[in-house]
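Chemist: Here is a sequence together with a model predicted from it:
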Amino acid sequence: MRYFLIDDLRAEETKRLCEHLDAMDLGAGLDGIYWLPIPAHMLSAVQKQHESQCGPYVMALECEETSLRLELLVRARGRIRCECVAYASPELQRHMMGYITDTLKELHIPN
């Protein structure tokens, strides 16, 4: 699996991030796992075609005690296996990494 990793965080910092994500109702139903929605304009052509059947599309963020791991796989919440489940484009990867970085800044968490 390909992912973007931020480590060397303090436990209280990851806790604060998790509380922020919980308040946004992004929890995946498993402790420390969050579904980050993909902006509609950044979906691939296949994902746009499959959106009504397979969507919504998300990327998984795993919050561990002192690290964050963003999977670079775009998942379809409506289906596990489909051609629309694929690794994020370079543009989407940059966007989502920027989103994580900006969120940490907003929460005054150095990275």
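Modeler: Now that the structure is in, tell me what you want to look at.

Chemist: Look at T101 and tell me its secondary structure.
Modeler: helix (DSSP: H, G, I helix; E, B strand; the rest coil).

Chemist: Equivalent analysis for the one 3 residues further on, please.
Modeler: What three-state DSSP gives for L104 is helix.

Chemist: List the contacts of stretch 73-85.
Modeler: 1-2, 35, 38, 44, 46-47, 49-50, 53-60, 86-88, 92 (C-beta atoms under 8 Å, 6 or more residues apart in numbering). C-beta: built from backbone N, CA, C; applies to glycine.

Chemist: Now which of the residues you listed would you call buried?
Modeler: 35, 38, 44, 47, 50, 54-55, 57-60, 88, 92 (16 or more other C-beta atoms under 10 Å).

Chemist: quick one: strands adjacent to the longest strand anywhere in the chain?
Modeler: Criterion DSSP state E: the longest strand present in the chain is strand 57-63. As defined by DSSP bridges, the strand partners of strand 57-63 come to strand 33-37 (antiparallel), strand 68-71 (antiparallel), strand 73-76 (antiparallel).
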